[in-house]
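> Next input, structure requested:
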Amino acid sequence: MAIGPVELVVLHFEGNHFKGEILPALQQLVDSDTVRIIDLLFAVKDADGSLSVAEMDEVQDAFGDLNPVVTELTKFLSDDDVERLSESLGPNSSAALILFEDRWALRFAEAVRSSGGSVVLSERIPRQVVEELVSAHAAMLSEPA
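Numbering: from 1, shown residues only. Just a heads-up that it's a prediction; the model follows:
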């Protein structure tokens with residue numbers, strides 16, 4: 001089975017409050033075959049800092065039915081991964097750990113490989129750096145010639 005690049009995204013939530021906007025946005029990415037969710041866990045720190053891990057079926061009340069978004073989980077993320085990735089959580093906060101396959105890149109990566117090529121670097125540019133570049137570019141364009 002071919003698999004595209006896999007990414008880990010950790011989303012932090014203050015106050016252990018989840019809102020409903022996330023699920024439809026994630027569903028749209030899955031429906032368009034942009035990503036495939038291959039693992040999903042939730043880490044919750046209570047007021048005294050105790051960490052608990054919740055799997056998808058344990059958070060149905062907060063998120064609603066996740067089954068259309070996540071069809072099969074791989075269990076690639078371990079409790080140790082959750083613990084390590086949740087170290088920076090403060091009391092009364094949560095994190096969603098999402099491991100997803102970049103389905104959009106699968107066909108492209110297969111074409112590169114079948115052409116004898118290989119990916120030698122793939123790196124996500126931090127949002128702050130992109131915003132700085134966009135701002136600098138806009139300033140350069142607005143300068144008189």
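> CA atoms for contacts and neighbours, from now on please.
Noted.
> Now do the longest helix along the chain, average pLDDT.
As assigned by DSSP state H, the longest helix anywhere in the chain is helix 127-142. Along helix 127-142, the predicted local confidence has a mean pLDDT of 93.
> now stretch 31-42
Here the mean pLDDT over stretch 31-42 is 88, rounded to a whole number.
> Just give the number of residues close to Ser78.
Number of residues near Ser78 (other Cα atoms under 10 Å) recorded here: 11.
> Show the pLDDT at it.
Reading off the per-residue confidence, Ser78 sits at a pLDDT of 84.
> tell me the phi and psi of it?
When quoted as degrees, to the nearest 10, the phi and psi of Ser78 stand at phi -100, psi 170.
> do the same with Leu97
Comment: the main-chain dihedrals of Leu97 come out as phi -110, psi 120, following degrees, to the nearest 10.
> likewise Asp79?
Residue torsions, per degrees, to the nearest 10, at Asp79 are phi -60, psi -30.
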